[in-house]
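**Student:** when you get a sec, could you give me coordinates for this:
(one chain, ligands or ions: 1)
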Amino acid sequence: MKQINTIESQVRSYCRAYPVMFEKAKDHLLIDKDGKKYFDFLCGAGSLNYGHNNHILKKEIIDYLNEDGITHSLDLATRSKEDFLNSFSKYILEPRNLDYKLQFTGPTGTNAVEAAFKIARKITGRTKIISFTNGFHGVTLGALAATGNSHHRGGSGIPLNDVVFMPYDGYMGKKLNTIDYLRRLLEDNSSGVDLPAAVVLETVQGEGGINIASSKWLQSLQELCKEFGILVIVDDIQVGCGRTGSFFSFEGMGIEPDMITLSKSLSGFGLPFSLLLLKPGIDKWEPGEHNGTFRGNNMAFVTAKTAIEQYWANDDLEKQIATKSNILKHRLEEISDEFPSSDIQVRGKGMVYGIDCILEDLASEIKQKCFENGLILETCGPDDQVVKLLPPLTISESNLTKGLDILEKSIKEVMQESDFDKKLTMVTVQK
Ligand code: PLP
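**Tutor:** Alright, predicted model coming up:
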């Protein structure tokens, strides 16, 4: 760790929270240099939905390299790109009756968000984007402007312009419909809110604290946007690729976005890969107008195609996610009942779940204790007060249960060793 602690930039973060040297990883496990195994419920922040070194994907990529398959090609026509596009159309778009063009952006999620904002502004001639409270869309300047978190915003060095934040579903409590508020602002010529090019949102806010938008809210947002000619961008970078139970997080919710961003688990193997899906009428780029050296990653094309054919050609994985989602939900609810406060909330969908611990220190101590006990997970939310679980979608039910056993044991230990009981009771009383 010496070089990492002395030479790597101060900006490093996860290696501070989990200060051991990791050497190997397989499926749901990360293994450190001393051979200690950790259940990985962080999963590369949602980039490893099919686990580490998934053997099916690994074999494909090794075979591809052994055959001198192309690794880099700018955006030249390659066999691996053509094959990926075929599979994506056949197994993802066509069965869902979806019609999108695919734009390969630079390799990380934020690149896809930048591309979406740019084309939205170009074709509407408007500059503003509406984002939502607690949204997270990346840290390059355009996407950062649409990211709510003040810690990240603080690093920008320049004013973050041209994004207006509106309250997300439930932000003002259950009774207030925040779309009514947005409608009022858009209808009023004197509200001071300019007509935006687009709205951008996550259907489940991953970094923002596992906040879930209802179908009704999403539908009224889409309706409102249609009325005003505003494009809808669903950022599915963290909760797409099956995380919420279906390939796209908005499936079955009665909306069809104008643009969708995908990244993280798209390659299926942890390889950098990002995609912007655009309705054909929006694809008004000039050739090369928005480019980048690493648009499309041939190795990722290979693993992404294999992942799609392996996991999305039938509904086996979806069924398994539904079963494991039930296990997660019920177990987390049982665990949360043990806290001396009824304000502790379990929120989630599919296989992304969070326990809102109300207190930042409590969530952080649970994370730390889990790590000591062999479970890696992270915290999220405006005050990092939510313990977040992102187990691999392919984890076995028994290993999922073992990971949850570690969580329960860790929470019990934290509560026994500290005075969080008292603190929680006090917060509850004050409320
Ligand atoms: N959008 C969402 C919803 C995310 O969760 C993230 C990353 O966590 C991003 C965008 C940015 O992706 P990247 O870190 O790959 O740039």
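
**Student:** please count neighbours and contacts with C-alpha atoms only from this point.
**Tutor:** Fine.

**Student:** ok, now which ones touch Asp356?
**Tutor:** By Cα atoms under 8 Å, 6 or more residues apart in numbering, the contact set of Asp356 is 209, 344-347, 363, 385-387.

**Student:** quick one: it and Gly268, what's the gap?
**Tutor:** From Asp356 across to Gly268, the span is 29 Å (Cα to Cα, to the nearest Å).

**Student:** neighbour-wise, which one of the contacts of Asp356 leads?
**Tutor:** Val386 (31 neighbours; other Cα atoms under 10 Å).

**Student:** tell me the contacts of it?
**Tutor:** 209-210, 354-358, 360, 363, 379-380.

**Student:** please repeat the previous calculation with a cut-off of 7 Å.
**Tutor:** By Cα atoms under 7 Å, 6 or more residues apart in numbering, Val386 lies in contact with 209, 354-357, 363, 379-380.

**Student:** quick one: the residue nearest to it when sequence neighbours are not counted and Glu372, what's the gap?
**Tutor:** Excluding its sequence neighbours, the residue lying closest to Val386 (Cα to Cα, 6 or more residues apart in numbering) is Asp356, at 4.2 Å. Going from Asp356 to Glu372 by Cα to Cα gives 21 Å.

**Student:** kindly report the same for Ser263.
**Tutor:** For Ser263, the distance to Glu372 - Cα to Cα - is 31 Å.

**Student:** same question, Ile233
**Tutor:** Taken as Cα to Cα, the span from Ile233 to Glu372 is 40 Å.

**Student:** same question, Ala300
**Tutor:** Distance, Ala300 to Glu372, by Cα to Cα: 34 Å.

**Student:** the two: which is more packed in?
**Tutor:** Using other Cα under 10 Å, the more surrounded residue of Ala300 and Glu372 is Ala300, with 26 against 14.

**Student:** do I have it right that the more buried one meets Phe273?
**Tutor:** Yes. Using Cα atoms under 7 Å, Ala300 is in contact with Phe273, at 6.3 Å.

**Student:** what touches both of these two?
**Tutor:** Joint contacts of Ala300 and Phe273 (Cα under 7 Å, 6+ apart) are Ser267.

**Student:** contact partners of the helix-or-strand element of the chain with minimal mean pLDDT?
**Tutor:** Lowest mean confidence among the helices and strands of the chain (mean pLDDT, DSSP states H and E): helix 420-430, at a mean of 75. Helix 420-430 is contacted from outside by 340-341, 343, 362, 415, using Cα under 7 Å, 6+ apart.

**Student:** with only the CA atoms kept, save that helix in CSV.
**Tutor:** Extracted C-alpha coordinates of helix 420-430, given in CSV (Å, rounded to 0.1, in the frame of the first residue of the first chain):
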residue,chain,number,x,y,z
PHE,A,420,-26.3,4.8,18.8
ASP,A,421,-29.3,3.4,20.6
LYS,A,422,-29.5,6.6,22.6
LYS,A,423,-28.7,8.9,19.6
LEU,A,424,-31.4,7.3,17.5
THR,A,425,-34.0,7.6,20.2
MET,A,426,-33.1,11.2,20.6
VAL,A,427,-33.4,11.9,16.8
THR,A,428,-36.8,10.2,16.8
VAL,A,429,-38.0,12.1,19.8
GLN,A,430,-36.9,15.5,18.3
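
**Student:** and that helix, what's buried?
**Tutor:** 420, 424-425 (16 or more other Cα atoms under 10 Å).
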